[in-house]
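In: The following block contains a protein sequence and its predicted model.
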Amino acid sequence: ASIYPHPLSLQELLTPDSKLFWNVIDFVFKQVDLSFSCKNETELKELLRFLRYPYLVNSQILSGAHNFWGHLIAIMDFAVELARVSQNIDQTRSSPIVEYCLDAYECFMSDTDASEVKERFYEEMNEIGIVSKNEIEIVQIKMEDLENTKKTLSSEGPTQKD
């Protein structure tokens with residue numbers, strides 16, 4: 001993890017402007033991958049689409065108007081979580097649990113059946129003996145919740161026009 005390269009004052013944090021947003025969002029996405037660039041609206045929209053950001057982002061949201069700061073904070077939260085996950089994956093790449101999560105998430109995002117991934121994970125965990133049956137059931141419930149959320153979001157369709 002890098003240290004944010006620009007000086008920040010309490011006043012800037014209390015009354016943020018769009019310049020601060022663009023500097024922070026570019027910095028955070030570079031923590032995920034140095035090739036990511038978010039210096040303008042077009043780059044950010046393309047990157048969010050590429051990363052499958054779950055909400056539509058339009059020019060109005062990115063205008064910097066104060067009534068849209070909630071949306072901008074949500075984008076920053078998404079970027080920060082992605083950076084955290086990215087850094088954790090780099091540190092624990094060999095973990096079967098991480099591999100399962102990555103494979104299951106890939107199935108989830110591509111709308112493919114994850115039963116093969118689940119079976120492989122259960123077999124590995126039984127061999128290693130580090131995950132109890134109760135923990136596996138919790139993961140199954142969370143996967144079902146994610147699938148239900150995906151179905152709900154798919155049925156609602158987009159709510160804003162770009």
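Out: The structure has been received and is ready for your questions.

In: C-alpha from now on. contacts and neighbour counts both.
Out: OK.

In: F68 and Q11, how far apart?
Out: Distance, F68 to Q11, using CA to CA, to the nearest Å: 20 Å.

In: since we're on K151, how many residues are nearby?
Out: 11 (other CA atoms under 10 Å).

In: picking up where we left off before, and F68 and Q11? Which one has more around it.
Out: Between F68 and Q11, counting by other CA under 10 Å, F68 is the more crowded of the two (13 against 8).

In: residue contacts, that one?
Out: By CA atoms under 8 Å, 6 or more residues apart in numbering, the contact list for F68 reads 60-62.

In: Quick one: the helices in this structure, in order.
Out: 10-14, 18-32, 41-50, 69-91, 96-110, 115-128, 133-156 (DSSP state H).

In: Which secondary structure elements does the second one sit against?
Out: Packing partners of helix 18-32 (3 or more CA pairs under 8 Å, 6 or more residues apart in numbering; DSSP states H and E): helix 69-91.

In: go with 10 Å
Out: Helix 18-32 sits against helix 41-50, helix 69-91, with contacts defined as 3 or more CA pairs under 10 Å, 6 or more residues apart in numbering; DSSP states H and E.

In: Show the average pLDDT along the shortest one.
Out: Which is helix 41-50. Mean per-residue pLDDT for helix 41-50: 90.

In: and it, C-alpha only, in PDB?
Out: What follows is helix 41-50, C-alpha atoms only, in PDB (Å, rounded to 0.1, in the frame of the first residue of the first chain):
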ATOM      1  CA  GLU A  41     -15.100  11.100 -16.600                       C
ATOM      2  CA  THR A  42     -14.600   8.900 -19.700                       C
ATOM      3  CA  GLU A  43     -11.800   6.900 -18.100                       C
ATOM      4  CA  LEU A  44     -13.700   6.400 -14.800                       C
ATOM      5  CA  LYS A  45     -16.900   5.300 -16.600                       C
ATOM      6  CA  GLU A  46     -15.000   2.800 -18.700                       C
ATOM      7  CA  LEU A  47     -13.100   1.500 -15.700                       C
ATOM      8  CA  LEU A  48     -16.200   1.100 -13.600                       C
ATOM      9  CA  ARG A  49     -17.900  -0.800 -16.500                       C
ATOM     10  CA  PHE A  50     -14.800  -3.000 -16.800                       C
END
